[in-house]
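Student: predicted structure and sequence below. I'll ask about it afterward.
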Amino acid sequence: MAVTDYTIATLGSHSSLQILKGAKDEGFKTLCIAKKGSEKVYKSFGVADEIISVDHFKELFDLQDELLKRNTILIPHGSFIAYMKIEDFKNLKVMYFGNKDVLEWESARDLERKWLTNANIKIPRIFDKPEDIDRPVIVKFYGAKGGMGYFLAKDTDDFYEKIADHINEKYVIQEYIIGVPAYFHYFYSLLNNELEIMSFDKRYESNVDSIGRISARDQFALKKIDPSYVVVGNIPITVRESLLPEIFGMGERVIEKSKQLISERGLFGPFCLEGVITPEAEIYIFEISARIVAGTNLFEPYSPYTYIKYGKPMSTGRRIALEIKNAINKGKLLDIVC
């Protein structure tokens, strides 16, 4: 079968514009599963050959027979994790780019820490009990929530005061590392056994980034303002070239350990290590996203790094499509889908 016999599909959210644009650039038919009321976006940008409207993204599972008729390959992104249960994906009949076994390791904080520590990645200290807090911490909740609900706590009493708003939510108490937040975007090709650095970004978060625009005097004069960490946008960055060897090394170790801890194929395709670079140029990683992240939306058509490597437009969305196209042409599609 040829590339034109397949349809690349994803949910209309998160990073779908670049995923669908990249698929069209590589010659695929494209399909967007969009929530009712959002169809205009995908019609306006012309990235979807076909749009299926749904009330809720969970209706994806009711569309499987239709998708199978189109030889559809689903491309996951953050909204898959945020709106649907991991258990549901394991029974998905439609071809899915990536390794489903990785999803549980990404979403469960304890498994994620095991993965990172086994890969010899520096991570912030984790406090098992609130009573152990002896320094500033950030409290994070499980799953892909774009920073929703995260809060800082300076001590045990501060923690208990703020956690009262999050009854029955699973969380992790993590040391707060001072430094520059940075998000490292990679792509690992299972076909070529090659790791690529795609781009870097930092996030613009509400309201923590806007608080910095208010003077200390005025902050004292205002009512109590608690910082929140809801991601509202992304800012492109490049990093010091001297950091690239370590950034490559971190990605390679994460891939290697995924093959030992998770499954034989391990992690492949796009992923992101989310961390902080300290004033001493040490890199601490606090999360891994085992899929495309929204920070890569900045780099349509390319980043400085993908332009140097490819010399033409190559977003992460297009790189996914290129990998699928190469697999089809080599008769190895089943190696990269499940």
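Tutor: Thanks, I have it.
Student: remind me, longest strand of the protein?
Tutor: For the chain, the longest strand by residue count, based on DSSP state E, is strand 194-207.
Student: tell me what that strand is packed against?
Tutor: Where contact means 3 or more Cβ pairs under 8 Å, 6 or more residues apart in numbering; DSSP states H and E, strand 194-207 is packed against strand 180-189, strand 229-236, helix 244-261, helix 304-310, helix 316-329. For every residue, glycine as well, the C-beta is placed using N, CA and C.
Student: for the third one, which helices and strands make contact with it?
Tutor: Looking back up the chat, that one is helix 244-261. helix 101-107, helix 109-118, strand 180-189, strand 194-207, strand 269-277, strand 283-289.
Student: and the contacts of it?
Tutor: Contacting residues not belonging to helix 244-261 are listed as 102, 105, 114-116, 118-121, 184, 186, 188, 195, 197, 239, 265-268, 271, 273, 283, 285, 288 [Cβ atoms under 8 Å, 6 or more residues apart in numbering].
Student: out of those, which are buried?
Tutor: 102, 105, 115-116, 119, 121, 184, 186, 188, 195, 197, 239, 265-268, 271, 273, 283, 285, 288 (16 or more other Cβ atoms under 10 Å).
Student: after the longest strand of the chain, next one along is what?
Tutor: For strand 194-207, the following helix or strand on the C-terminal side (DSSP states H and E) is helix 208-211.
Student: in this protein, which segments are predicted with low confidence?
Tutor: Across the chain, the ranges flagged by pLDDT under 70 are 143-147, 216, 219-224.
Student: domain ranges for it?
Tutor: Domains of the chain are assigned by automatic domain parsing as 1-96, 99-124+177-314+332-338, 126-175.
Student: surely residue 167 is within a strand?
Tutor: No. Remark: residue 167 does not belong to a strand; assigned using DSSP: H, G, I helix; E, B strand; the rest coil, it is coil.
Student: and it, how far from residue 69?
Tutor: 45 Å (Cβ to Cβ, to the nearest Å).
Student: how about the helices and strands packed on strand 194-207 in TSV, adding distance to residue 97?
Tutor: Below are those laid out as TSV (distance: least, Cβ to Cβ, whole Å):
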stretch	distance to residue 97
strand 180-189	12
strand 229-236	23
helix 244-261	16
helix 304-310	19
helix 316-329	6
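Student: so which of those comes closest to residue 46?
Tutor: Each of these has some distance to residue 46 by Cβ to Cβ; the shortest is helix 316-329, at 14.7 Å.
Student: between the closest one and strand 180-189, how big is the angle?
Tutor: 10 degrees (axes from the mean of the first three to the mean of the last three Cα atoms, to 10 degrees).
Student: any buried residues in stretch 154-174, and which?
Tutor: 156, 158-159, 163, 171-174.
Student: now do stretch 22-35
Tutor: Result for stretch 22-35 [16+ other Cβ under 10 Å]: buried residues 22-26, 28-35.
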